[in-house]
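Asker: okay, structure incoming, though there's no sequence with it:
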């Protein structure tokens, strides 16, 4: 098989060997984490945040790659602020946990290359080895391939998909997952149950689930509220979860053992079909 | 402080050194597990089940300790069947995962010593070391203390409480825990999402939660239906969970970030108060 002459092969050679990276929101936990990460890959990293000597516009003007590490509702505003200062041949990317809104906002603000990313891990991970990074192509291939290669060389797992598919998957992976843990904590609080006593009587399954509940409570409440509110796929997924809750509870209220077994067996069959 | 002369101190010396144990339902997975466990402690173990040569009545008549390892809805019936054959100085106990109903049924069927137990682990555990056994005293202290000592010597964790307290705790530890995992599986099925793709995009939290969901689906559907239907405390707890789900979903539908943060912070404060 021959490669056609005019095949537009992305050519990383035309990129700077060690691109300069600017992280906007670089004093947040994920911003700091990615500063260390990019430095570890040989890049020089500039940082701007609300109280840094250099403004977002100033660092964006000096960099090849501009990384928005800001809260989801701020992405559009910050993208518009810094875009006029970016090198036209540079990259604009973000690190937020929903992708449709932020990617559209970056594409609208900046006419050059754009990538949406979502690191599926928190700032407590010592390194990126084995951790998942989702990349959603926005515009252009040169920087997309540079970023992908950089991550793969650092032994990250890279998943490439569309923003819509990402948000649909995340409405389960993050949306309904956090939602049910928050609801569990709320029910325990409302009924005045001592969480420590529950741990004393824990099965292995509950021990695990309650550890996740406590872990979520140790995190930033605003971030978790954002994850619920900013992913537009959540309403459908949470609605399906609420419906399942109501239907299963009705079976229990009616003492319908066969109905309950049927739900479990349908779930078993569904998971079985998927090759599990 | 002196011990009054007529203090009825339990005297394990009056018990047989190696009691004979009969397990009714002894061919089920937990029955087999406890057969091996009691044999490991030096007891001779007889077994009866629906298709064994000896009937439940026959083995009960030969044993010092009769263990009911039958489905929760069968405890009352089996207790009534075997109780007339038990030695009056013997012990009747069970292994089921709710305690109020089964303990009351055993106390009504047998006038001698009775203990309700709930092993908080499944039949795949290699041994009892570090595993939790809940004991609910029914009637009498001699056998209760024998059983407790036997478990502690085998390095189990023993928790002693009332049947009502046990069932209240289990409505969280098992009831709402299984319930929310079943509802998650049902929502994933209803929306036609591929479970394997969710795993490819999993955060550490989701990975854990989805592993619990899959584990539950690998278990016996009837047992899990029983655990939902037989614990009379479940309705209150599941009702509180359903209410939490509805309230949090309403906040999300109204895009009420502050309301959502307030729920998270109230949960944080509640867990914090408890000394976490």
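Answerer: Looks like it arrived, so ask away. Keep in mind the model is a prediction, meaning the values are calculated, not measured. Numbers count the residues shown, from 1 in each chain, chains lettered A, B, ... in the order given.
Asker: drop to CA atoms for contacts and neighbour counts, all remaining ones
Answerer: OK.
Asker: kindly report the domain assignment for chain A.
Answerer: What automatic domain parsing lists as the domains of chain A is A:12-161, A:165-273.
Asker: nearest to residue B:19, of the ones you listed?
Answerer: domain A:165-273 (28.5 Å; C-alpha to C-alpha).
Asker: chain B contacts on the stretch 1-150 of chain A?
Answerer: For the stretch 1-150 of chain A, the residues in contact with chain B (C-alpha under 8 Å from any C-alpha of the partner chain) are A:120-121, A:132, A:134.
Asker: now do 10 Å
Answerer: A:119-122, A:131-134 (C-alpha under 10 Å from any C-alpha of the partner chain).
Asker: just the buried residues from the residues you listed, in PyMOL please.
Answerer: Those of these that count as buried under 16 or more other C-alpha atoms under 10 Å in any protein chain shown are selected in PyMOL with:
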select buried, chain A and resi 119+120+121+131+132+133+134
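Asker: can you pull the buried residues of stretch A:249-262?
Answerer: A:249, A:251-252, A:255, A:257, A:259-261.
Asker: how about these in CSV, adding secondary structure, distance to residue B:229 and pLDDT?
Answerer: Formatted as CSV, the buried residues of stretch A:249-262 follow (DSSP: H, G, I helix; E, B strand; the rest coil; distance: C-alpha to C-alpha, whole Å; pLDDT from 0 to 100):
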residue, secondary structure, distance to residue B:229, pLDDT
A:249, helix, 10, 98
A:251, helix, 9, 98
A:252, helix, 6, 97
A:255, coil, 6, 96
A:257, helix, 7, 96
A:259, helix, 11, 97
A:260, helix, 9, 97
A:261, helix, 11, 97
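Asker: would you turn those into JSON lines with distance to chain B?
Answerer: Formatted as JSON lines, the buried residues of stretch A:249-262 follow (distance: C-alpha to the nearest C-alpha, whole Å):
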{"residue": "A:249", "distance to chain B": "7"}
{"residue": "A:251", "distance to chain B": "9"}
{"residue": "A:252", "distance to chain B": "6"}
{"residue": "A:255", "distance to chain B": "6"}
{"residue": "A:257", "distance to chain B": "6"}
{"residue": "A:259", "distance to chain B": "9"}
{"residue": "A:260", "distance to chain B": "6"}
{"residue": "A:261", "distance to chain B": "6"}
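Asker: taking the residues you listed together, which two end up most distant?
Answerer: By the measure C-alpha to C-alpha, A:249 and A:261 form the most distant pair in those, at 13.2 Å.
Asker: do you know the pLDDT at the residue nearest to residue A:253 when sequence neighbours are not counted?
Answerer: Using C-alpha to C-alpha, 6 or more residues apart in numbering or on different chains and skipping the chain neighbours, the partner closest in space to residue A:253 is residue B:235 (7.2 Å). Here the pLDDT value assigned to residue B:235 is 97.
Asker: got the contact list for residue B:235?
Answerer: A:249, A:252-253, B:171, B:175-176, B:228-229, B:241 (C-alpha atoms under 10 Å, 6 or more residues apart in numbering or on different chains).
Asker: helix or strand for it, which one?
Answerer: helix B:234-253 (DSSP states H and E).
Asker: centre of the chain to that helix, how far?
Answerer: With C-alpha atoms, centre = their mean, to the nearest Å as the basis, helix B:234-253 stands 25 Å off its chain's centre.
Asker: got the buried residues for it?
Answerer: For helix B:234-253, the neighbour count (16+ other C-alpha under 10 Å) marks B:234-235, B:237-242, B:244-246, B:248-249, B:251-252 as buried.
Asker: mind listing the strands for chain A?
Answerer: Listed in chain order, the strands of chain A (DSSP state E) span A:20-24, A:44-48, A:65-68, A:91-94, A:113-119, A:132-139, A:157-160.
Asker: and the fourth one, how far out from the chain middle?
Answerer: Relative to its chain's centre, strand A:91-94 lies at 15 Å (C-alpha atoms, centre = their mean).
Asker: redo the strands of chain A as CSV? Include mean pLDDT and distance to residue B:195.
Answerer: Shown next, in CSV, are the strands of chain A (pLDDT from 0 to 100; distance: least, C-alpha to C-alpha, whole Å):
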stretch, mean pLDDT, distance to residue B:195
strand A:20-24, 98, 35
strand A:44-48, 96, 38
strand A:65-68, 98, 31
strand A:91-94, 98, 27
strand A:113-119, 98, 20
strand A:132-139, 98, 17
strand A:157-160, 98, 16
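Asker: tell me which of these approaches residue B:199 most closely.
Answerer: Comparing the strands of chain A under C-alpha to C-alpha, the one sitting nearest is strand A:132-139, at 10.9 Å.
Asker: can you tell me the centre-most residue of chain A?
Answerer: residue A:97 (3.0 Å; C-alpha atoms, centre = their mean).
Asker: beta partners for the closest residue to that one other than its chain neighbours?
Answerer: Counting by C-alpha to C-alpha, 6+ apart, residue A:97 lies nearest to residue A:118, which is 5.4 Å off, once chain neighbours are set aside. Judged by DSSP bridges, the bridge partners of residue A:118 are residue A:134.
Asker: quick one: contacts for the closest residue to residue A:122 other than its chain neighbours?
Answerer: Leaving aside its sequence neighbours, residue A:122 sits nearest to residue A:30 (C-alpha to C-alpha, 6+ apart; 7.4 Å). By C-alpha under 10 Å, 6+ apart, residue A:30 lies in contact with A:36, A:69-70, A:95-96, A:119, A:121-124.
Asker: you'd agree residue A:252 is up against residue B:229?
Answerer: Yes - the criterion here is C-alpha atoms under 10 Å, and residue A:252 meets it with residue B:229 at 6.0 Å.
Asker: now the common contact residues for those two.
Answerer: If you check residue A:252 and residue B:229 against C-alpha under 10 Å, 6+ apart, the residues they both contact are A:260, B:235.
Asker: got the end-to-end distance for stretch A:50-61?
Answerer: 17 Å (C-alpha to C-alpha, to the nearest Å).
Asker: contacts for it, please.
Answerer: For stretch A:50-61, using C-alpha under 10 Å, 6+ apart, the contacting residues are A:20-27, A:45-49, A:66-68, A:78-79, A:81-87, A:90, A:92.
Asker: which among these end up buried?
Answerer: For those, buried by 16+ other C-alpha under 10 Å: A:20-27, A:45-49, A:66-68, A:78-79, A:82-83, A:85-87, A:90, A:92.
Asker: name the residue of the stretch 1-150 of chain A that lies nearest to chain B.
Answerer: At 5.2 Å from chain B, residue A:120 is the closest residue in the stretch 1-150 of chain A, using C-alpha to the nearest C-alpha.
Asker: what distance do you get for that residue to residue A:174?
Answerer: Plainly put, residue A:120 is 10 Å away from residue A:174 if you go by C-alpha to C-alpha.
Asker: follow-up on the earlier one: quick one: which of the contacts of residue B:235 is nearest residue B:184?
Answerer: Checking these against residue B:184 by C-alpha to C-alpha gives residue B:176 as the nearest, at 12.1 Å.
Asker: ok, residue A:255 touching residue B:227?
Answerer: No - Residue A:255 sits out of contact with residue B:227 when judged by C-alpha under 10 Å, with a separation of 11.5 Å.
Asker: that older thread, any chance of the residues of the stretch 1-150 of chain A next to chain B in JSON lines, with distance to residue A:142 too?
Answerer: Below are these laid out as JSON lines (distance: C-alpha to C-alpha, whole Å):
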{"residue": "A:119", "distance to residue A:142": "20"}
{"residue": "A:120", "distance to residue A:142": "24"}
{"residue": "A:121", "distance to residue A:142": "26"}
{"residue": "A:122", "distance to residue A:142": "28"}
{"residue": "A:131", "distance to residue A:142": "23"}
{"residue": "A:132", "distance to residue A:142": "21"}
{"residue": "A:133", "distance to residue A:142": "18"}
{"residue": "A:134", "distance to residue A:142": "17"}
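Asker: re earlier: so which of the contacts of residue A:30 are in helices?
Answerer: residue A:36 (DSSP state H).
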